[in-house]
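Trainee: The following comprises the amino acid sequence and a computationally predicted model.
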Amino acid sequence: MSLQALKLAFKKELASQFENVELNSLLAMLFEHVTGWNQLNQMLHKEEPLDKAQMDTLQNALKQLKEGRPIQYIIGKAWFLSNEYTVNEHVLIPRPETEELVDWIIEYAQIIEKPLQILDIGAGSGCIPIALQLALPHCTIAGLDISEEALVIAKQNATHLNATVSWLQEDILNTTYLPNQYDIIVSNPPYIPYKENINMQVQVKQFEPNLALFVANEDPLIFYRTIARLGKQYLSQNGQLFFEMHYDQGKALLALFDEMGYHAELRQDLFGKDRMLRASLKK
Ligand SMILES: C[S@@+](CC[C@H](N)C(=O)[O-])C[C@H]1O[C@@H](n2cnc3c(N)ncnc32)[C@H](O)[C@@H]1O
C-alpha cells in the first residue's frame, strides 16, 4: 500500500476521534517517525509503497491512537521550543503554555544580564531547565522532581541536547532544605484538583502521570504555598518566583501570595487566559 493510501485509510479510521487539523498534524508526526521523511518528503514520496516492518509499526500505532494513547508517547518524543525531547508515561508531555512561561523567564533574565541561579521544581521531562540553560548559558540551572523515573528522562534529554543542568530528587512538600540561594525559582506544579478528572480527555487522565497532574481537592494550591514558604528562605535579594497555573486560580493565587508577603502579577497565554504568575517578596 502506498504512503498516501495508508494515510487516507488512517484518517478515515480516526476521523471521529480528532479534529481535522490535529489529525493531519499527528499523522504527519507518525509517518515522519516511521519513514524518516518530513512532511515535504512525504508529499514527494506519496506513491511509494511502505515495507512490511513500516506497515506493522503503523498498524500498531493506529491501534494505540484508537485507545487514546497520545502520539508523543507512541513515538517517544515531543517538541518544546524547537527542540526534540524524549518522553514516556513517567513525564508530562510538554505544553505550549509552558513554552510561554519559559519565554517570560528568558525575557526577565536577559534584562538582568548577570549570571543567575535558577531552580525548576517539578522538572518532569526537564523541558524548563534545559530550555533555560540553552537560552541562558551564563546561568546555573537545577531541576528537581520527586520522581526517579522522570529524572532518568530529564537527564537523558539534557545529555542529548548538551545542556548542563544539575538534578535533585526531592519531595518538595516534605523538604525544608534547598542546596542554594536562587535568583529564580520556577515551577509548573501539579494543579488540577482530582475532582476535575471526570471532565478531562482520556488521553490526558489515562495516559499522563497522575503525579504530574493532580492535587488533593482539599488543598489545590499546596505547591504554590509550599514554594512561597521556601522562597522566603531560599530566594536571593530581588529573587523571583515564576509559576504556571490553572486558568481559574488567578484570584486565589494573588490573595495567597499577598498574604504570604509577596507582590504577584498574572500573565495571560496566547488565548488570553491567566496561565502564569510571577511573585517577588515585598520590601
Ligand atoms: C505538571 S508536571 C510539570 C513537568 C514539566 N516541568 C513540564 O512543565 O512539562 C509536575 C511535575 O511535578 C512533579 N512532582 C509531583 N509532586 C511532587 C513533589 N511532591 N515534589 C517534587 N516534584 C513533584 C511530577 O513528578 C511532575 O514531573
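Mentor: Received the coordinates, thanks.
Trainee: Now the helix or strand of the chain with the lowest mean pLDDT: buried residues?
Mentor: Using mean pLDDT, DSSP states H and E, the weakest-scoring helix or strand in the chain turns out to be helix 202-207, at a mean of 85. By neighbour count on 16 or more other CB atoms under 10 Å, the buried set for helix 202-207 is 203, 205, 207. Glycine gets a C-beta too; all of them are placed from N, C-alpha and C.
Trainee: my guess is the second one meets residue 213, correct?
Mentor: Yes: taking contacts as CB atoms under 8 Å, residue 205 lies within contact range of residue 213: 7.5 Å.
Trainee: Settle this for me: residue 148 is touching residue 169, isn't it.
Mentor: Yes: judged on CB under 8 Å, residue 148 makes contact with residue 169 at a distance of 6.0 Å.
Trainee: Please produce CSV containing the buried residues of helix 202-207, extended by distance to residue 86.
Mentor: Below are the buried residues of helix 202-207 laid out as CSV (distance: CB to CB, whole Å):
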residue, distance to residue 86
203, 19
205, 22
207, 16
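Trainee: Which ones among those residues also lie next to the ligand?
Mentor: Residues of the buried residues of helix 202-207 in contact with the ligand (CB under 6 Å from any ligand atom): none.
Trainee: In contact with residue 136: list those residues for me.
Mentor: Residue 136 sits next to 106, 109, 110, 116, 118 when contact means CB atoms under 8 Å, 6 or more residues apart in numbering.
Trainee: er, residue 250 I mean
Mentor: With contact taken as CB under 8 Å, 6+ apart, residue 250 is in contact with 266, 274, 277.
Trainee: Which helix or strand contains the first one?
Mentor: Under the criterion DSSP states H and E, the helix or strand holding residue 266 is strand 262-268.
Trainee: who in the chain is up against the ligand?
Mentor: Residues of the chain found near the ligand (CB under 6 Å from any ligand atom) are 92, 94, 98, 122-125, 127-128, 145-147, 150, 171-173, 188-190, 211-212.
Trainee: Now the buried members of those residues.
Mentor: With burial judged by 16+ other CB under 10 Å, the buried subset of the residues of the chain next to the ligand is 92, 94, 98, 122-125, 127-128, 145-147, 150, 172, 188-190, 211-212.
Trainee: Out of the residues you listed, list just those in strands.
Mentor: Applying DSSP state E to these, the entries found in strands are residue 145.
Trainee: Strands of this structure, start to end?
Mentor: Using DSSP E, strands in the chain cover 77-80, 83-86, 117-121, 140-145, 165-169, 182-187, 192-193, 214-215, 235-244, 262-268, 274-281.
Trainee: on contacts alone, who are the packing partners of the longest one?
Mentor: Yep, that's strand 235-244 we're talking about. The helices and strands touching strand 235-244, judged by 3 or more CB pairs under 8 Å, 6 or more residues apart in numbering; DSSP states H and E, are helix 96-112, strand 182-187, helix 222-234, strand 274-281.
Trainee: on contacts alone, who are the packing partners of the last one?
Mentor: Counting contacts by 3+ CB pairs under 8 Å, 6+ apart, the secondary-structure elements packed against strand 274-281 are helix 96-112, helix 222-234, strand 235-244, helix 250-259, strand 262-268.
Trainee: Ok, the third one next?
Mentor: Counting contacts by 3+ CB pairs under 8 Å, 6+ apart, the secondary-structure elements packed against helix 222-234 are strand 117-121, strand 182-187, strand 235-244, helix 250-259, strand 274-281.
Trainee: Turn these into CSV, including distance to residue 140 and mean pLDDT.
Mentor: Shown next, in CSV, are the helices and strands packed on helix 222-234 (distance: least, CB to CB, whole Å; pLDDT from 0 to 100):
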stretch, distance to residue 140, mean pLDDT
strand 117-121, 5, 98
strand 182-187, 9, 98
strand 235-244, 12, 97
helix 250-259, 26, 98
strand 274-281, 20, 98
